[in-house]
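Student: predicted structure and sequence below. I'll ask about it afterward.
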There are 2 protein chains.
Amino acid sequence: MPARNLIVAQSGGPSAVINNTVRGVVETARHLDDIGTVYAGHHGIEGVLKEELIDLTAQCPEEISLLGTTPAAGAIGTCRYKLKDWQNEDFDRVMEIFKAHDIGYFVYIGGNDSMDTANKVANLARERGLDVCGLGGPKTIDNDVGDSEFQLIDHTPGYGSTARYWSNYIQQVNEENMGSSPADPVVVCQAMGRKIGYIPAAARLADPNREMPLLIYLAERKVTIEQIHEQIAATCKEHGRAIVVVSEGLNIEGLEIPEEFIVRDSFGHPTFSSSKITVAQMLTNALNDKGLPVKGNARCNVPGTDQRHSIFHASTVDLAESYRAGEKAALLAAAGEHGYMSTILRTDRENYSVRYDKAPLSEVANSERHFPSEWISEDGTDVTDEFLKYVRPLIGDGNPSVPMIDGRIRFAKLARKFADQKLDAYVPQADRQSSPS
Amino acid sequence: MPARNLIVAQSGGPSAVINNTVRGVVETARHLDDIGTVYAGHHGIEGVLKEELIDLTAQCPEEISLLGTTPAAGAIGTCRYKLKDWQNEDFDRVMEIFKAHDIGYFVYIGGNDSMDTANKVANLARERGLDVCGLGGPKTIDNDVGDSEFQLIDHTPGYGSTARYWSNYIQQVNEENMGSSPADPVVVCQAMGRKIGYIPAAARLADPNREMPLLIYLAERKVTIEQIHEQIAATCKEHGRAIVVVSEGLNIEGLEIPEEFIVRDSFGHPTFSSSKITVAQMLTNALNDKGLPVKGNARCNVPGTDQRHSIFHASTVDLAESYRAGEKAALLAAAGEHGYMSTILRTDRENYSVRYDKAPLSEVANSERHFPSEWISEDGTDVTDEFLKYVRPLIGDGNPSVPMIDGRIRFAKLARKFADQKLDAYVPQADRQSSPS
């Protein structure tokens, strides 16, 4: 059977190690006779629709190798574009692209939604008689892909590096807060993850023995402004200072978002996660207005996108696993295993070890992983040692090696040359002016 | 002459390398016969007033060595406490402490204000017949200590590491922005430095050849909301995206701070640098309200204290120089060179090299370094290559080695045992309820 080509593409928010999964696909495909050229869809499915396909096979191997330490999605791009059921022209277009470029394999890297897209696209291709093997590669810093029992996948590539970011970050914030406490005794730090608390929970890695005055609030637990003020004040009384980690999606009852900052969700409810001001800022202002039992002020830190693109904090374990997840996807592709996402399963809970496996795309697409409520402490200000046991191996032990040249980071530089256009230009459906929303 | 003891203390905001200057003092003093015990004032002059003196000479040498990679001021603390002229009881108390602990040397590490304190304290001691040698050690991430001609000091320890932070940070933000531009085409990043623009200017290090769509706004230049919106929109039109760096003290004319977020300065003026909302957030909201010529939203990142305490981004040059600045202060002390701050002077502008020297405390205390206006580009959205030539050597070439143990950073752990109390307890004047403000 002649070799057929593969499209790999990414969707959703990036991670520090997302490119290493792409690298795993490309470097593995080189050795597989069934796979010909590996193309990247520039900016995910949007690049497929627009026929913007980057030839990854033709890139200098050193640059592909450097994808391993090139964070975020700048190399091939990501998107927030979702193929919805009504977008039948988009689906037709994808089929045309597959035919025109002799695509036999489609690997979509992302979260639940992306697995849904991968599943739909691949199934449609089969319905239309195209022999396309549709696969997924797992990725999300939120660790919310899969099931809450960790049976479909133990954790997602990307999460370990963001967890390590928070471990390193809070250790350094503690040095800062210890040193500067006479002026700034309280620091409020806001973590990503709107609904699911794996990211703020990882702040506990900074202080597994609970020696710091650290309070962690996940969006999963409701809290009132009176409670949170009381708990922070009590910590200040005991330690003279407090480090407070809040989820970006934490809704604090009684903490009013000023009218001009409100953006309402689809139900008309104002929520912090979509407002024009951060919950960390609002909480900090409220603490300073209400007063603290120590002199000085509360201040806030919102690390923002750094927590998902800092290669300096990347976990060596996450780097290795993200590569293997890409490798596994390529191997599944070559074996014709249609309709699966490559997965990581923990095989030993005492002495961390994993194996790479597969889970049906349809199951992943319809699953949602929550943060187990038994991993949140009684008073809602901490996570448990069981969670620590789960997360600790994911951050690894050492620092990644980040290549530098002339004082700057040496990122991968891919030739941004697209494969020859074989079809007419196309505007994705949702980008057209008259499209329904 | 019998050896006399030394007090070293820190004041103001910390840096990634501040502890390395302390280490330089301690490790050098070990070899100097004239210097006996080295004490640290816990939380700067406040610790001196309260007789909270940490014995640094008695610490395990390995822990002192680890100060080199322990950022921020957690090890011995810093303060915002300033000795004002009316605080005569405080001055008296410092003299008592000097006598009680046989202090012959006082080294204050900080910025202009701290040099003023060091100068006053040491001069008073001499007036009172105490033979105390008063010295300063330079430190500030803002690089605003010294004169604008760089003759008193070329740059301050701490600045190189924060500059490197911004170089690394913006390189990674660019990867993120390139990858995520279909959803988030504009990212506004806020840098520290309320009035003086050395920190936001350092973002240019990320892109010396001007390949990124990067706009840099220093507080030194006035800008209106119309101008900044227009410039960002033009960049989006050309590149499809924009990375915008703003100083935390940037005042954007026409960008109104909502009434409930205003904190007025001593002149009754509302300023962003003291408001309860960041200029980055307000600008981001304004950009989204006004609209951009590309689809998607503006988002904002405010790295906060990370830029002054991330040891992972510390400059190897800054680490080496901060140590030598401490070493120089100890050598000046032992030589009886009263009334000086140790300095770094650039001896070769083409092939970077420096020598360590001294500047009179009184001159440093009364100086203020500005960002040369000729280093800001015509249109106020960039800095010049002359600035790059100045700053480039300060960030070094490689990554610092950060020791890790069991997944966590191995910071110095100093025994927090204070020297025996010899005087009655004392409440610093400004901390008393009835003190004038």
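Tutor: Nice, I can see it. Numbers count the residues shown, from 1 in each chain, chains lettered A, B, ... in the order given.

Student: shouldn't A:Arg355 be within a helix?
Tutor: No: read with DSSP: H, G, I helix; E, B strand; the rest coil, A:Arg355 is strand and lies in no helix.

Student: out of everything not next to it in sequence, what's closest to the residue of the stretch 151-300 of chain A found nearest chain B?
Tutor: Proximity of the stretch 151-300 of chain A to chain B (Cβ to the nearest Cβ) peaks at A:Gly179, 2.7 Å away. Every C-beta, even on glycine, is put in place using the N, C-alpha and C of the backbone. Closest residue to A:Gly179 apart from its sequence neighbours, by Cβ to Cβ, 6 or more residues apart in numbering or on different chains: B:Ala73 at 2.7 Å.

Student: tell me where the stretch 51-200 of chain A has strands.
Tutor: Assigned by DSSP state E, counting those that start in this stretch, the stretch 51-200 of chain A shows strands spanning A:53-55, A:103-110, A:133-138, A:186-191.

Student: so which of the ones you listed is nearest chain B?
Tutor: strand A:186-191 (7.2 Å).

Student: where does pLDDT dip in chain A?
Tutor: Within chain A, the stretches with pLDDT under 70 are A:265-267, A:270-274, A:434-437.

Student: residues near A:Tyr352, how many?
Tutor: A total of 14 residues lie near A:Tyr352 under the criterion other Cβ atoms under 10 Å in any protein chain shown.

Student: just checking, it touches A:Ile395?
Tutor: No: distance between A:Tyr352 and A:Ile395: 11.0 Å, which falls outside the contact criterion (Cβ atoms under 8 Å).

Student: can you pull out the helices in chain A?
Tutor: With DSSP state H, the ranges of helices along chain A come out as A:18-29, A:44-49, A:61-66, A:88-100, A:112-127, A:159-180, A:198-201, A:225-239, A:279-290, A:306-309, A:316-334, A:361-365, A:385-391.

Student: and the angle from the fifth one to helix A:88-100?
Tutor: By that I understand helix A:112-127. The directions of helix A:112-127 and helix A:88-100 differ by 60 degrees, with axes from the mean of the first three to the mean of the last three Cα atoms, to 10 degrees as the criterion.

Student: so which bits of helix A:112-127 are buried?
Tutor: Residues of helix A:112-127 classed as buried by neighbour count (16 or more other Cβ atoms under 10 Å in any protein chain shown): A:112-125.

Student: got a list of what the residue nearest to A:Gly179 touches?
Tutor: If you count contacts by Cβ atoms under 8 Å, 6 or more residues apart in numbering or on different chains, B:Ala73 has them with A:175-176, A:178-180, B:10, B:14, B:18-19.

Student: ok, back up a step: for the buried residues of helix A:112-127, give me a markdown table that also has distance to A:Pro213.
Tutor: Formatted as a markdown table, these follow (distance: Cβ to Cβ, whole Å):
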| residue | distance to A:Pro213 |
| --- | --- |
| A:Asn112 | 36 |
| A:Asp113 | 39 |
| A:Ser114 | 40 |
| A:Met115 | 41 |
| A:Asp116 | 43 |
| A:Thr117 | 44 |
| A:Ala118 | 45 |
| A:Asn119 | 47 |
| A:Lys120 | 49 |
| A:Val121 | 50 |
| A:Ala122 | 51 |
| A:Asn123 | 53 |
| A:Leu124 | 55 |
| A:Ala125 | 56 |
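
Student: could you identify the most distant pair in these?
Tutor: Comparing all pairs in the buried residues of helix A:112-127 by Cβ to Cβ, the longest separation belongs to A:Asn112 and A:Ala125, at 20.7 Å.

Student: how much space is there between A:Lys139 and chain B?
Tutor: The spacing between A:Lys139 and chain B, counted by Cβ to the nearest Cβ, to the nearest Å, is 12 Å.

Student: quick check: that residue touching A:Tyr159?
Tutor: No: if you go by Cβ under 8 Å, A:Lys139 and A:Tyr159 don't touch, sitting 9.2 Å apart.

Student: what's the overlap in contacts for these two?
Tutor: A:Ser15.

Student: around chain B, which positions in the stretch 301-437 of chain A sit nearby?
Tutor: Contact residues, the stretch 301-437 of chain A versus chain B (Cβ under 8 Å from any Cβ of the partner chain): A:301-306, A:308-313, A:392, A:395-399, A:402, A:404, A:406-409, A:411, A:431.

Student: drop anything exposed from those.
Tutor: Counted by 16+ other Cβ under 10 Å, those give A:301-306, A:308-313, A:392, A:395-396, A:399, A:402, A:407-409, A:411 as buried.

Student: quick one on the thing from earlier: out of the helices of chain A, nearest to B:Met212?
Tutor: With Cβ to Cβ as the measure, helix A:306-309 is the member of the helices of chain A nearest B:Met212 (14.8 Å).

Student: residues contacting A:Ala118?
Tutor: A:106-108, A:134-136, A:341, A:361.

Student: farthest pair in these?
Tutor: A:Phe106 and A:Met341 (12.4 Å).

Student: these two: which is more packed in?
Tutor: A:Met341 (34 against 28).

Student: so the more buried one sits right up against A:Lys358, yeah?
Tutor: Yes: when contacts are counted by Cβ under 8 Å, A:Met341 is listed as touching A:Lys358 (6.7 Å).

Student: of the residues of the stretch 301-437 of chain A next to chain B, which belong to strands?
Tutor: Judged by DSSP state E, strands contain the following of those: A:301, A:404, A:408-409.

Student: please produce JSON lines containing those, extended by distance to B:Gly254.
Tutor: JSON lines is the format used below for these (distance: Cβ to Cβ, whole Å):
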{"residue": "A:Asn301", "distance to B:Gly254": "28"}
{"residue": "A:Met404", "distance to B:Gly254": "41"}
{"residue": "A:Arg408", "distance to B:Gly254": "36"}
{"residue": "A:Ile409", "distance to B:Gly254": "37"}
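
Student: which one of those is nearest to B:His155?
Tutor: For those, the minimum distance to B:His155 (Cβ to Cβ) is 19.6 Å, reached by A:Arg408.

Student: leaving out chain neighbours, which residue sits closest to that closest one?
Tutor: Nearest non-adjacent residue to A:Arg408, counting by Cβ to Cβ, 6+ apart: B:Gln171, 6.3 Å away.

Student: residues contacting the one you found?
Tutor: Taking Cβ under 8 Å, 6+ apart, we find B:Gln171 in contact with A:408-409, A:411, B:206-207.

Student: what count of nearby residues applies to the residue lying closest to A:Asn20 once chain neighbours are set aside?
Tutor: Leaving aside its chain neighbours, A:Asn20 sits nearest to A:Ser322 (4.3 Å; criterion: Cβ to Cβ, 6+ apart). Close neighbours of A:Ser322, defined as other Cβ under 10 Å, add up to 33.

Student: what about A:Leu388, how many residues nearby?
Tutor: Neighbours of A:Leu388 (other Cβ under 10 Å): 15.

Student: do I have it right that it meets A:Asn209?
Tutor: No: A:Leu388 is not in contact with A:Asn209 according to Cβ under 8 Å; the separation is 10.1 Å.

Student: point out the residues in the stretch 101-250 of chain A that sit beside chain B.
Tutor: Residues of the stretch 101-250 of chain A lying near chain B (Cβ under 8 Å from any Cβ): A:164, A:167-169, A:171-183, A:187, A:205-206.

Student: buried residues, stretch A:223-230. List them.
Tutor: Using 16+ other Cβ under 10 Å as the burial criterion, the residues of stretch A:223-230 that qualify are A:223, A:225, A:227-229.

Student: neighbours around the nearest residue to A:Pro200 once chain neighbours are set aside, how many?
Tutor: Excluding the flanking residues, the one nearest A:Pro200 by Cβ to Cβ, 6+ apart is A:Ala191, at 3.9 Å. Residues contacting A:Ala191 under the criterion other Cβ under 10 Å number 30.

Student: just to revisit the earlier point, turn the strands of the stretch 51-200 of chain A into a markdown table, columns for distance to B:Glu238.
Tutor: A markdown table is the format used below for the strands of the stretch 51-200 of chain A (distance: least, Cβ to Cβ, whole Å):
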| stretch | distance to B:Glu238 |
| --- | --- |
| strand A:53-55 | 22 |
| strand A:103-110 | 30 |
| strand A:133-138 | 34 |
| strand A:186-191 | 33 |
